[in-house]
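1. No letters, just coordinates:
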């Protein structure tokens, strides 16, 4: 599966949603921007490429504002 865009390229909204869980599986997302309230924070997800198919699964309100967990990003969940 070809990856589409890095998460850091997708964040057009000025503030992340303060959610500490993945919007897809409900597990912990370990997202520093969500925990700290701004996208300037370093985060593991800045180095991950998310596929378009994965991003298309996000609810509209979560797009560009919520962090997907590493397991979902790497396709390791059911």
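-> Nice, I can see it. No experiment lies behind these values; they were computed from the predicted model shown. Numbering: from 1, shown residues only.
2. where does residue 61 land on pLDDT?
-> What the model reports for residue 61 is a pLDDT of 83.
3. What number of neighbouring residues does the closest residue to it other than its chain neighbours come out with?
-> Sequence neighbours aside, residue 17 is the residue nearest to residue 61 in space, at 7.9 Å (criterion: Cβ to Cβ, 6 or more residues apart in numbering). In short, each C-beta sits where N, CA and C put it, glycine included. When neighbours are counted by other Cβ atoms under 10 Å, residue 17 registers 16.
4. Hmm, residue 17 is touching residue 64, no?
-> No: counting by Cβ atoms under 8 Å, residue 17 does not reach residue 64; the two are 9.7 Å apart.
5. and residue 61, that one's in a helix?
-> Yes: looking at residue 61 with DSSP: H, G, I helix; E, B strand; the rest coil, it is inside a helix.
6. just use 89 as the starting number from now, easier for me
-> Understood, numbering begins at 89; the last thing we discussed is residue 149.
7. what's around it, how many residues?
-> 9.
8. same thing with the one 3 residues further on?
-> Using other Cβ under 10 Å, residue 152 has 15 neighbouring residues.
9. Please give the element, helix or strand, for it.
-> Assigning secondary structure by DSSP states H and E places residue 152 outside every helix and strand.
10. what about residue 128, distance to residue 121?
-> Residue 128 sits 8 Å away from residue 121, taking Cβ to Cβ, to the nearest Å as the criterion.
11. And the two? Which one has more around it.
-> Between residue 128 and residue 121, residue 121 has the larger neighbour count (other Cβ under 10 Å), namely 24 against 8.
12. Could you pull up the contacting residues of the more buried one?
-> Residues in contact with residue 121 (Cβ atoms under 8 Å, 6 or more residues apart in numbering) are 104, 127, 128, 129, 131, 155.
13. What score does the third one have for pLDDT?
-> The confidence metric pLDDT takes the value 80 at residue 128.
14. That one and residue 164: what is the separation?
-> Residue 128 is 28 Å from residue 164, by Cβ to Cβ.
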